[in-house]
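# Sharing a model prediction with you, sequence too.
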Amino acid sequence: MRASSRTLNGMPPSGGDCRSPYQLLGQRMLDISGDRGVLKHVIREGAGELVPPDASVLVKYSGYLEHMDKPFDSNCFRKTPRLMKLGEDITLWGMELGLLTMRRGELARFLFKPPYAYGTLGCPPLIPPNTTVLFEIELLDFLDSAESDKFCALSAEQQDRFPLQTVLKVAATEREFGNYLFRQNRFYDAKVRYKRALLLLHRRAAPPEEQHLVEAAKLLILLNLSFTYLKLDRPTMALRYGEQALIVDQKNAKALFRCGQACLLMTDYQKARDFLVRAQREQPFNHDINNELRKLASYYRDYVDREKEMCHRMFASCENGGD
């Protein structure tokens, strides 16, 4: 869709009005900077809390110059946008101010005047001097990393002075970062985040009445670590973390499934079968578990056939040698 037609919501400017499309659009937009340098129009409302300062945001955006059909900058072609930290990765002041007014799921249109965009010089040859730009931004998600970053920078003794809820919150944030990295197929980086979260929980002693909160948080991280090590093609480590998850919850179908997958990669077919049958017992209609059992049966048949062929050749060699 053309930027100019979008700015006027399909309505052409009046014949006697010499103002530009962006000037006309700006009249109907909310001033969020106090000097009309950043103007906003919400296309779709979001939900939850506003983006806090120092957060890391996951956004889709497209930037347009006036009277141009195609964006001069966009990340919408990416399957998974890059996580960007406010104050570090976002170079436009107007975009940062705009994001601080947004909620998860929100889609909004912004006009950034030159001081909040590319300034008096612009960005030749793409952006002319003193250019107002339009950005459409969709806030997919954000992670409030400020508390986590500060907490992890403290010594162990300093961390121990914080209440358990703070530790659980920081561990959850680290796990969410790991999940994001995992979805980007950055499995090594995801593993580092998961391990940092697990270390925080392992080091923290909790009173008996709150221990279940720590165990529940550990379980999620252990499952994620097991899956990550499978992706890293390290089944021994995947099995280790899967078995630790089973210590927390011995009937957890996902942990049993991960252990079965790891054993299958290690060609320990009997152990793989034991884990997968236990997983199937917990979730009889789970498609992934049943598929893995079929895969195991196929691999085991191939294994038996190879063993038979090897034995046949050995005996044949012995018989020929005896003649």
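Cool, got the structure.

# What ranges does this protein have for its strands?
Assigned by DSSP state E, the chain shows strands spanning 30-31, 38-44, 47-50, 56-65, 73-74, 84-85, 103-104, 107-112, 133-143.

# Contacts for the fourth one next, please.
Same thing as strand 56-65. The contact list for strand 56-65, computed with Cβ atoms under 8 Å, 6 or more residues apart in numbering, reads 3, 51, 71-76, 81, 83-86, 90, 95, 99, 127-128, 131, 133-143, 145, 177, 180. From N, CA and C alone the C-beta is placed, and that goes for glycine too.

# Which among those count as buried?
Buried subset of these (neighbour count, 16 or more other Cβ atoms under 10 Å): 3, 51, 71, 81, 83-84, 86, 90, 95, 99, 127, 131, 133-139, 141-143, 145, 177, 180.

# Need the pLDDT of P129.
For P129, the model assigns a pLDDT of 93.

# Quickly note the distance from it to Y118.
According to Cβ to Cβ, to the nearest Å, P129 stands 8 Å off from Y118.

# distance between stretch 266-278 and the chain's centre?
Distance of stretch 266-278 from the chain centroid (Cα atoms, centre = their mean, to the nearest Å) equals 31 Å.

# Which residue, other than its chain neighbours, is closest to L265?
The spatially closest residue to L265, leaving aside those adjacent along the chain, is P235, at 3.9 Å (Cβ to Cβ, 6 or more residues apart in numbering).

# residues contacting that neighbour?
229, 261-263, 265-266.

# Tell me how many other residues crowd Y64.
Y64 has 23 neighbours, counted by other Cβ atoms under 10 Å.

# Give me the distance between it and L201.
Remark: distance between Y64 and L201 (Cβ to Cβ) = 46 Å.

# repeat for P52
Look at P52 and L201: by Cβ to Cβ, they are 24 Å apart.

# Likewise for G87?
To L201, G87 is 29 Å away according to Cβ to Cβ.

# out of these two, which sits in the busier spot?
A direct count of neighbours by other Cβ under 10 Å for G87 and L201 places L201 higher, at 21 against 11.

# how's this protein carved up into domains?
Domain ranges of the chain: 21-144, 147-310, per the TED database.

# Now do the end-to-end distance for the first one.
Taking Cα to Cα, to the nearest Å, domain 21-144 runs 37 Å from one end to the other.

# picking that back up, what's the least confident stretch among the strands of the chain?
Across the strands of the chain, strand 84-85 gives the lowest mean pLDDT, at a mean of 88.

# Could you please name the strands it pairs with and the direction of each pair?
In the sheet, strand 84-85 lines up against strand 56-65 (antiparallel) (DSSP bridges).

# Surely Q261 is in contact with I289?
No - the criterion here is Cβ atoms under 8 Å, and Q261 misses it with I289 at 9.9 Å.
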